[in-house]
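Participant: missing the sequence, but the structure's below:
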């Protein structure tokens, strides 16, 4: 079984690609399936299908491949310059209609972003300017599958670049995600001043950069977001995060285990709080970031520990036991 190809810049030929190219030059051709371990060879135009056998690939002279790539690059640059000229002409006409140039204080402090592409581009641009701190609240572990791998790679590169500039990163996760492999892997790959803490409940997603710009969801499907630059709102979000951070349990770089009190685990205390407030099993599961079956298992264990025979009795026994006061 071949080793999966590691992601790298499109302009780079990895060591696996170099070895395959040398083999192709020696042998004259290679089966197309061999390039699964180094697709960069085909991307760079260093291999192409054989005329007499399309499932075989033949090496292309480096000077020929380079000439083609440079020509394509020149065409893209020319196209971008033409686009810039058209934009300048279009907006020049609009600015003449709109009148004098507005002052910086007239710029919008809240902007609605639509679509994942625009949202990700705005976040990437803001993080690229970060010089002090990135603050995030992540209520979910992230996407899975190929889309998740791509999004994670983009996010990792973006965050590592900020760390390399001396930024600090602090992230809050729900306590139920503390054992997720994707989070542990992220911690291991990021090098720099990174801290992660967990809470039983966290608010919806938040990205706060240098305490000057914040991004929050504006819809449930992840396709709408608000970019907030109003100083008062940004400061309010930062203060709220700081208060949650002080209440949270350290997870990385040093984990702090949550103690059990009188046989009641921290998870059961969190569930007990929501039970006393009258929430259903579904709401409790959603608030604590777990599936409903897991929530019901915890509720059953809590009831057994307190000797409850019914839901109504459980609420009474929780109040009488004093476990909610012990967890504060």
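Facilitator: Yep, it's here. What you are looking at is a predicted structure, and each value in this text was computed from that prediction instead of being measured.

Participant: hey, let's count contacts and neighbours off CA atoms from now on
Facilitator: Will do.

Participant: give me every residue that touches residue 45.
Facilitator: Taking Cα atoms under 8 Å, 6 or more residues apart in numbering, we find residue 45 in contact with 60, 65, 69.

Participant: Distance of the last one relative to residue 25?
Facilitator: This points to residue 69. Separation of residue 69 from residue 25 (Cα to Cα, to the nearest Å): 20 Å.

Participant: Ok, the first one next?
Facilitator: To residue 25, residue 60 is 9 Å away according to Cα to Cα.

Participant: Which one of these two is surrounded by more residues?
Facilitator: When neighbours are counted by other Cα atoms under 10 Å, residue 60 comes out ahead of the other of residue 60 and residue 25, with 18 against 14.

Participant: need the contact list for the more buried one.
Facilitator: Residue 60 neighbours (Cα under 8 Å, 6+ apart): 45-48.

Participant: Same check on residue 211?
Facilitator: Shown in contact with residue 211 (Cα under 8 Å, 6+ apart): 133, 234-235, 238.

Participant: can you check residue 123 too?
Facilitator: Applying Cα under 8 Å, 6+ apart, the residues contacting residue 123 are residue 215.

Participant: Retrieve the pLDDT associated with the residue of the chain most remote from its centre.
Facilitator: When distances are taken from the C-alpha mean of the chain, residue 52 lies farthest, 46.1 Å away, according to Cα atoms, centre = their mean. Predicted confidence (pLDDT) for residue 52: 83.

Participant: And for residue 101?
Facilitator: At residue 101, pLDDT is 59.

Participant: any idea of the mean pLDDT in stretch 247-258?
Facilitator: 78.

Participant: Would you mark the buried spots in it?
Facilitator: 248-252 (16 or more other Cα atoms under 10 Å).

Participant: List the contacts of residue 322.
Facilitator: Residue 322 neighbours (Cα under 8 Å, 6+ apart): none.

Participant: how much space between it and residue 115?
Facilitator: Taking Cα to Cα as the measure, residue 322 falls 48 Å from residue 115.

Participant: still on that earlier bit, out of the contacts of residue 60, who's the most crowded?
Facilitator: For the contacts of residue 60, neighbours tallied by other Cα under 10 Å; top is residue 47, 26 neighbours.

Participant: quick one, longest helix in the chain?
Facilitator: helix 62-98 (DSSP state H).

Participant: From the chain's centroid, how far away is it?
Facilitator: Centroid displacement of helix 62-98 relative to its chain, using Cα atoms, centre = their mean, to the nearest Å, is 31 Å.
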